[in-house]
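**Q** pasted the sequence and its predicted model underneath.
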Amino acid sequence: MGMRVRFSPTAPNKGNIMRIENWSIIFDGKSDPYQAPELRHSCVMGKVYNHREFKDGHNIITSTIDKVEKGCIITQSGSNYELGEINPKYLETYPNALDVLK
């Protein structure tokens with residue numbers, strides 16, 4: 001069985017906050033491929049729940065991550081997402097993935 005890792009050991013979703021499950025961090029497609037990694041824009045890809053425009057379980061890519069606060073990401077568009085389970089294959093490939101969000 002795969003390793004189960006939550007970004008934050010908080011209580012389950014509070015009901016109206018959007019949550020992303022099976023997530024991974026990606027760079028947006030607008031970044032210059034020759035740009036230094038620390039200057040690239042990070043986004044989160046995963047299955048969204050409690051979103052006003054998408055059905056639960058719909059795959060999304062967020063806008064650029066602006067801030068990380070209390071187990072949530074806030075994007076440049078102003079959306080606030082709680083991070084649930086990380087994608088186990090992503091974590092296996094990038095064992096320090098959670099460090100990016102600290």
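**A** That came in fine, so what should we check first? Residues are numbered from 1 along each chain as shown.
**Q** name the helix or strand of the chain that has the lowest mean pLDDT.
**A** strand 65-69 (a mean of 90; mean pLDDT, DSSP states H and E).
**Q** what's whatever helix or strand comes next after it packed up against?
**A** Beyond strand 65-69 in the direction of the C-terminus, DSSP states H and E gives the next helix or strand as strand 72-75. For strand 72-75, the elements it packs on are strand 65-69, strand 80-83, judged by 3 or more Cβ pairs under 8 Å, 6 or more residues apart in numbering; DSSP states H and E. C-betas here are computed from N, CA, C, even on glycine.
**Q** longest strand of this protein?
**A** strand 18-27 (DSSP state E).
**Q** next SSE downstream of that strand?
**A** Note on strand 18-27: by DSSP H and E, the next helix or strand toward the C-terminus is strand 42-49.
**Q** just how off-centre is that next one within its chain?
**A** 5 Å (Cα atoms, centre = their mean, to the nearest Å).
**Q** okay, the angle between that strand and strand 18-27?
**A** On the basis of axes from the mean of the first three to the mean of the last three Cα atoms, to 10 degrees, strand 42-49 is oriented at 150 degrees to strand 18-27.
**Q** partner strands of strand 42-49 and their direction?
**A** Paired neighbours of strand 42-49 in the sheet (DSSP bridges): strand 18-27 (antiparallel), strand 58-61 (antiparallel).
**Q** just to revisit the earlier point, just the helices and strands packed on strand 72-75: most buried one?
**A** Highest mean neighbour count of the helices and strands packed on strand 72-75: strand 80-83, a mean of 20 (counted as mean count of other Cβ atoms under 10 Å).
**Q** show me what it is packed against.
**A** Short answer (3+ Cβ pairs under 8 Å, 6+ apart): strand 80-83 packs on strand 18-27, strand 42-49, strand 72-75.
**Q** look up how far R52 lies from the residue nearest to G46 when sequence neighbours are not counted.
**A** Using Cβ to Cβ, 6 or more residues apart in numbering and skipping the chain neighbours, the partner closest in space to G46 is W23 (3.3 Å). Taking Cβ to Cβ, to the nearest Å as the measure, W23 falls 19 Å from R52.
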